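Novice: here is the input, now give the coordinates:
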Amino acid sequence: METSIDGARLEMPLAMIAMTDSDEERSSPAEESRSPKAVRVEVCLGPDCQGGATLLEIEELVSLRTSRASKPCEVTVGSTGCRDFCTVGPNVYVKSDVEDDHFTRVGSPQACRRVVSSILADDTSDDALSSTQALLRRREDGIRWRRHKERVCREKRLGVLKRKVK
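Specialist: Predicted coordinates for the structure are as follows:
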């Protein structure tokens, strides 16, 4: 699941999330009509938002959480260009057949986790965890976030070098 961060529009379907069909877990027809069938997540990769690490983090969180999702939904994560909301970036746009959402200041692992939780409708907040588990989760998020930031910086640096050679 390689992603290049060059400002181009990227699309990669990550997962099809399936719900078990037991009598207790079935939702009412009204709830089923309101739950989205497919969700498209777009992360701004404009020069001010710098959403490269956000894009990578959301992709990874979606792929990690597909087995625990409570609603069936196909999630596609991609990038978009600047939409002139630079002062509140990185910006994430979630589009579905039910509603469209715009998340601002998604520049941390916790913010990415909130976006993915809203998409998959699962409760994985730190409030539900013990303090030790929450601390370990924040540490894991921080390590992964730094790795994403380093990858984005490396790809940008290589992109600049490639342009100089041509």
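
Novice: just read off the phi/psi values of the nearest residue to Arg40 once chain neighbours are set aside.
Specialist: Once flanking residues are discounted, Arg40 sits nearest to Lys95: 4.5 Å by Cβ to Cβ, 6 or more residues apart in numbering. (C-beta placed from N, C-alpha, C; glycine too.) When read as degrees, to the nearest 10, the backbone of Lys95 gives phi -120, psi 130.

Novice: kindly report the same for Cys44.
Specialist: phi -70, psi 130.

Novice: and the helices in the chain?
Specialist: 29-34, 52-65, 109-120, 131-165 (DSSP state H).

Novice: tell me which of those helices sits most buried.
Specialist: helix 52-65 (a mean of 22; mean count of other Cβ atoms under 10 Å).

Novice: can I get it in CSV, CA atoms only?
Specialist: Provided in CSV are the C-alpha atoms of helix 52-65 (Å, rounded to 0.1, in the frame of the first residue of the first chain):
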residue,chain,number,x,y,z
GLY,A,52,1.0,14.0,4.0
ALA,A,53,1.4,12.5,7.5
THR,A,54,-2.3,12.9,8.1
LEU,A,55,-3.0,10.9,4.9
LEU,A,56,-0.7,8.1,5.9
GLU,A,57,-2.0,8.0,9.5
ILE,A,58,-5.7,7.8,8.4
GLU,A,59,-4.8,5.1,5.8
GLU,A,60,-3.1,3.0,8.5
LEU,A,61,-5.8,3.5,11.1
VAL,A,62,-8.6,2.5,8.6
SER,A,63,-6.7,-0.6,7.7
LEU,A,64,-6.1,-1.5,11.3
ARG,A,65,-9.7,-1.0,12.4
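
Novice: least trustworthy helix or strand in the chain by mean pLDDT?
Specialist: The least trusted helix or strand in the chain, going by mean pLDDT, DSSP states H and E, turns out to be strand 11-17, with a mean of 43.

Novice: against Thr87, how distant is Arg113?
Specialist: 23 Å (Cβ to Cβ, to the nearest Å).
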